[in-house]
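Asks: The amino acid sequence is not available; the structure is as follows:
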């Protein structure tokens, strides 16, 4: 202590050359990191919650083979608009005007950012070298589900389990398919027809329980063909209790919810629009549950449906959600294959404002990865 008071400090300890090597992260594929793959831009400029650590027992991943990859390649650099947005987001500089015309900066009111409970991006996928089979109970019967990979965050944490989807290199412009030839999950509907689907399972207990009633789910998806009745893009809940879902039902695009204290089929409420979602383009779909219970559904920056929702249920309460799926309903026997590909999913603790919904749509519409890709046709002499 006297030596410290006099400004003397002990020498640094010598490093033992025989000390154990530091723990190395698992060998994730290159697409697991944003600097090595065209990662989708964030929903907007809200900061992500800090991550505490990497997984302690990571699975072994491998790069899958390409499947029907198109020959044309997306542009290597984003357009000027995105470069400007990136500069603004990461503290870019600008050239100010001369002093005689400069105006002193004024403070701008800053909205309180919503806590992002989950940010899932299908450009960050680790496919399992050895898929694991799991016997799961789906309310009606038990069936085998194969876990073929994980959606991971930029630190390598597993945020979603890929179920019944064949490992393949995911095209950033096409997303992760939830139906079609890449999927192999078999089930029988209550109408006695055999169907096939794939899905992404989310840890609902960790990512789908807000601090209050208010919660927002923001999706980017592209439909490969029109959704059938019972085609479900997103479900979170505990059976009928506390459920929060975005689905297509009998010609309507619906945002449906149910309270936890009256969690029955006949207690459900919804807001819906008589519409088919467009096919072949990347859509911004946002469902907002207000703290009052009021509900809003937005499609490409347009308010498709709004209503009192849960506000009309006297004394409604929201408790814990225990299940969450992208691409299927809670009961596969009452699901239809979801003819869509998933790009991103964000779940927020709170109700997104209209301005933020518009920002989500703008980010989707202006992203070069979501634009149609063209090819140069051969020269043909029509003479």
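Replies: Alright, I've got the coordinates. Keep in mind that what you see is a predicted model, and the values were worked out from it rather than measured.
Asks: right, and residue 268 touches residue 240 too?
Replies: Yes: counting by CB atoms under 8 Å, residue 240 is a contact partner of residue 268 at 6.9 Å. (C-beta placed from N, C-alpha, C; glycine too.)
Asks: Could you check how far residue 211 is from residue 291?
Replies: 10 Å (CB to CB, to the nearest Å).
Asks: With residue 361 instead?
Replies: 23 Å.
Asks: which one of those two has more residues nearby?
Replies: When residue 361 and residue 291 are compared for neighbours, residue 361 comes out ahead with 21 against 13, by other CB atoms under 10 Å.
Asks: Next SSE downstream of the strand ranked longest in the chain?
Replies: Criterion DSSP state E: the longest strand present in the chain is strand 125-137. Remark: after strand 125-137, the chain's next helix or strand is strand 142-152, criterion DSSP states H and E.
Asks: Pull up the pairing partners for that next one, direction included.
Replies: Strand pairing for strand 142-152, determined by DSSP bridges: strand 125-137 (antiparallel), strand 158-163 (antiparallel).
Asks: weakest of the ones you listed in terms of mean pLDDT?
Replies: Here the lowest mean pLDDT among the strands paired with strand 142-152 goes to strand 125-137, at a mean of 78.
Asks: For it, buried residues please.
Replies: Buried residues in strand 125-137, defined by neighbour count with 16 or more other CB atoms under 10 Å: 125, 126, 127, 128, 131.
Asks: Correct me if wrong: residue 232 contacts residue 335.
Replies: Yes: Residue 232 is in contact with residue 335 according to CB under 8 Å; the separation is 5.9 Å.
Asks: which residues are in contact with both of these two?
Replies: Both residue 232 and residue 335 are contacted by 328, 329, under the criterion CB atoms under 8 Å, 6 or more residues apart in numbering.
Asks: With neighbour numbers in mind, choose between these two.
Replies: residue 232 (29 against 24).
Asks: after the helix or strand that contains residue 348 comes which helix or strand?
Replies: Using DSSP H and E, the element containing residue 348 is strand 340-349. Using DSSP H and E, the helix or strand that follows strand 340-349 towards the C-terminus is helix 354-365.
Asks: buried set for that next one?
Replies: 356, 357, 358, 359, 360, 361, 363, 364.
Asks: Return the member of these nearest to residue 259.
Replies: Lowest distance from residue 259 to the buried residues of helix 354-365 (CB to CB) belongs to residue 357, with 24.3 Å.
Asks: all helices for the stretch 51-200 of the chain, in order.
Replies: 80-89 (DSSP state H, counting those that start in this stretch).
Asks: Rebuild the strands paired with strand 142-152 as JSON lines, extending it with distance to residue 378.
Replies: Converted to JSON lines, those look like this (distance: least, CB to CB, whole Å):
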{"stretch": "strand 125-137", "distance to residue 378": "35"}
{"stretch": "strand 158-163", "distance to residue 378": "38"}
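Asks: Ok, which of the ones you listed comes nearest residue 317?
Replies: Closest of the strands paired with strand 142-152 to residue 317 is strand 125-137, at 26.1 Å (criterion: CB to CB).
Asks: any weak-confidence spans in the stretch 151-300 of the chain?
Replies: 190, 263 (pLDDT under 70).
Asks: Tell me which stretches of it form strands.
Replies: 158-163, 176-177, 185-188, 194-197, 199-201, 215-223, 231-238, 241-249, 252-257, 269-274, 282-289, 295-299 (DSSP state E, counting those that start in this stretch).
Asks: and of those strands, who's closest to residue 329?
Replies: Comparing the strands of the stretch 151-300 of the chain by their distance to residue 329 (CB to CB), the top pick is strand 231-238, with 4.1 Å.
Asks: how deep is residue 222 tucked in, by neighbour count?
Replies: When neighbours are defined as other CB under 10 Å, residue 222 has 21 of them.
Asks: these two touch, right, it and residue 283?
Replies: Yes: here residue 222 reaches residue 283: they are 6.8 Å apart, a contact under CB under 8 Å.
Asks: So the nearest residue to residue 235 once chain neighbours are set aside versus residue 274, what's the distance?
Replies: Spatially, and ignoring its direct neighbours in sequence, residue 235 is nearest to residue 245 (4.5 Å; CB to CB, 6 or more residues apart in numbering). Residue 245 sits 18 Å away from residue 274, going by CB to CB.
Asks: residues touching residue 303, list them.
Replies: By CB under 8 Å, 6+ apart, the contact set of residue 303 is 296, 297, 354.
Asks: Tell me the bridge partners for the first one.
Replies: To tie it back to what came earlier, the one meant is residue 296. Assigned bridge partners for residue 296, using DSSP bridges, are residue 288, residue 306.
Asks: give me the number of residues near it?
Replies: As a burial measure, residue 296 scores 22 neighbours (other CB under 10 Å).
Asks: any idea how far it is from residue 307?
Replies: Taken as CB to CB, the span from residue 296 to residue 307 is 8 Å.
Asks: Give me the common contacts of the two.
Replies: residue 271.
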